[in-house]
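1. Would you be able to build a 3D model of this:
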Amino acid sequence: MAAPDDRVQMKKLMMWLGLGPDEAYADYGDEPVLRGPLSSTEFAEARAAAETSGTVGPLLTKVPQSNTVRAIPAEPTGTVRPLKAAATAKPVTVSPSSFNDVQEMADRFIAKQPVIVNLQGVDADLSRRIIDFASGVCYGGEGQMEKVTHQVYLMTPVDVEVSVEDRRRLGD
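-> Next up, the predicted model:
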């Protein structure tokens, strides 16, 4: 059996959700009262009245304001933070022979290591699945994927660069 406090809380919750008895809502009309926009003086008067009475509307109560005042700078402070230089890393080559081998490729990419995906000699359907998976990993990790040569792709993580020498070697 629920404690009396629990019942009171449940009743308050049901009233708040609008699930109370019909008699509790008898003073509300069926039709909403439509009114045009307030003029600036009507708005100022309504706002002043709400601030003095402590209510904002028929169902809302005024939220107590904090006594603390925050100073807002007139101009932005212009905080300068240094950017990290892109790290250079030597790419690792992965030659998957089945779709089960793509986890190694994804793990190395997530560890911020560039990955060369060599799909030469792989079935066309499997190759397409691996490329789709690698593209998703690159997209999720905000990296990039580029085709180096036929059936060879380079996955580069964000903030990592592959040296010019390594890129030239990949092309060969």
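
2. For the lengthiest helix in the chain, name the packing helices and strands.
-> As assigned by DSSP state H, the longest helix anywhere in the chain is helix 124-140. On a contact count with 3 or more CB pairs under 8 Å, 6 or more residues apart in numbering; DSSP states H and E, helix 124-140 meets helix 102-110, strand 115-118, strand 144-149, strand 152-156. From N, CA and C alone the C-beta is placed, and that goes for glycine too.

3. how about the ones you listed in JSON lines, adding mean neighbour count and distance to residue 94?
-> Output for those, formatted as JSON lines (neighbours: other CB atoms under 10 Å; distance: least, CB to CB, whole Å):
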{"stretch": "helix 102-110", "mean neighbour count": "16", "distance to residue 94": "5"}
{"stretch": "strand 115-118", "mean neighbour count": "21", "distance to residue 94": "6"}
{"stretch": "strand 144-149", "mean neighbour count": "14", "distance to residue 94": "13"}
{"stretch": "strand 152-156", "mean neighbour count": "20", "distance to residue 94": "9"}
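
4. The longest helix of the chain - what's its average pLDDT?
-> For helix 124-140, mean pLDDT is 90.

5. ok, residues contacting that helix?
-> If you take CB atoms under 8 Å, 6 or more residues apart in numbering as the criterion, helix 124-140 is touched by 96, 98-99, 102, 105-106, 109-110, 117, 119, 122, 143-145, 151, 153, 155.

6. Which residue of this structure lies farthest from its centroid?
-> Most distant from the centre of the chain: residue 23, at 44.5 Å, with distances by CA atoms, centre = their mean.

7. Surely it is within a helix?
-> Yes. Counting by DSSP: H, G, I helix; E, B strand; the rest coil, residue 23 is part of a helix.

8. before we move on, back to that, also compute the angle for the longest helix of the chain relative to helix 102-110, please.
-> Here helix 124-140 runs at 30 degrees with respect to helix 102-110, directions being taken by axes from the mean of the first three to the mean of the last three CA atoms, to 10 degrees.

9. Report the buried residues of stretch 36-50.
-> Residues of stretch 36-50 classed as buried: none (neighbour count, 16 or more other CB atoms under 10 Å).

10. Fine by me, thanks again.
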